[in-house]
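Asker: kindly return the folded structure for what I paste below:
(one chain, ligands or ions: 1)
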Amino acid sequence: MLGIIGGTGLTQLANLEITHRQVARTPYGEPSGALTFGRICGQEVIFLARHGYGHTIPPHEVNYRANLWALKDHGVDRVVSVATVGGIHPELIPGTLVIPDQIIDYTHGRANTFFASDGSKPVTHLDFTYPYCAAMRRALLQAAARGGIRLRDGGVYGAVQGPRLETAAEINRIERDGADMVGMTGMPEAYLARELELCYAAVGAVVNYAAGRGLSADGIQMGEIQAVLGEVMQQVRHLLEQLVTDEASGACAV
Ligand code: HPA
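Answerer: Have a look, this model is predicted:
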């Protein structure tokens, strides 16, 4: 089953026919909220709002382990993770959707593994050369192509700690490192999904120029983020509909 993790601007899915909600408990504590079970175009999915349904949990306090564990525990084997990002690459202007293919992790102090030193789950070093699931990335790209949704294929996601935004010098450094976009929630989520053997890919929704770039040359305007957010999340909803429609062999016209 498909799991969808929604970020800022996507705390609910208008196109999701909700069947029920379920509070989930995990060995790692509680997820960000109850799991929302439902159907999009007849296909069963589980939705979870990463920051809580009232958007109250900041990126560094999200219980990423509980979120992914709960999804897997309820039958999810594939995850699409939606997250807003700031654009560094010149093509990643606000309003753009992007399917990243690489990650640089700048986060710290987050519970970033299910492996435990108490021997209950002995530490293993997993391959993470290609952090995203190729099959899920392909499915998203195909869905976008079929749905006429503009999407950039590939890019390096710089996962920063937040909750503050970056300085212009930090963005320059992150760009020199090779990142094309910057966001606060990509890690450890992607890696934890790998530990759980979930097929995981992300959709980045560019909502602002990164600090010091483009219209953010003099600072990031929160009003501009809000203005872009609604429009770009509408595109994300179309993309998700198209994705599940593809899987349901065209059961619902979008
Ligand atoms: N920086 C970090 N995270 C973000 C940004 C940004 O500019 N925009 C959206 N999430």
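
Asker: which elements pack onto the lengthiest helix in the chain?
Answerer: Scanning the chain for the helix with the most residues, using DSSP state H, yields helix 222-247. Applying 3 or more C-beta pairs under 8 Å, 6 or more residues apart in numbering; DSSP states H and E, we find helix 222-247 packed against strand 2-6, strand 35-40, strand 43-49, strand 78-87, strand 97-99, helix 134-147, strand 199-209. To be clear about C-beta, it is placed using only N, CA and C from the backbone, and glycine gets the same treatment.

Asker: buried ones in it?
Answerer: Judged by neighbour count (16 or more other C-beta atoms under 10 Å), helix 222-247 contains these buried residues: 225, 228-229, 232-233, 235-247.

Asker: end-to-end on stretch 96-104?
Answerer: 20 Å (C-alpha to C-alpha, to the nearest Å).

Asker: over to stretch 12-30?
Answerer: 19 Å.

Asker: would you mark the buried spots in it?
Answerer: Buried residues in stretch 12-30 (16+ other C-beta under 10 Å): 13, 15-16, 24, 26, 28.

Asker: just these now: which is nearest the ligand?
Answerer: Leu13 (19.9 Å; C-beta to the nearest ligand atom).

Asker: and that closest one, what element?
Answerer: Element membership of Leu13 [criterion: DSSP states H and E] is none; it lies in no helix or strand.

Asker: isn't it up against Arg237?
Answerer: Yes - between Leu13 and Arg237 a contact is recorded at 6.5 Å, counting by C-beta atoms under 8 Å.

Asker: dump the residue contacts of Ala201.
Answerer: Contact partners of Ala201, counting by C-beta atoms under 8 Å, 6 or more residues apart in numbering, are 79-81, 99, 132-133, 136-137, 139-140.

Asker: before we move on, what about Thr56?
Answerer: Thr56 makes no contacts at all, as judged by C-beta under 8 Å, 6+ apart.

Asker: state the helix or strand in which it lies.
Answerer: Going by DSSP H and E, Thr56 is not in any helix or strand.

Asker: and what of Gly52?
Answerer: Going by DSSP H and E, Gly52 is not part of any helix or strand.

Asker: what about it, distance to Val62?
Answerer: The gap separating Gly52 from Val62 is 9 Å, by C-beta to C-beta, to the nearest Å.
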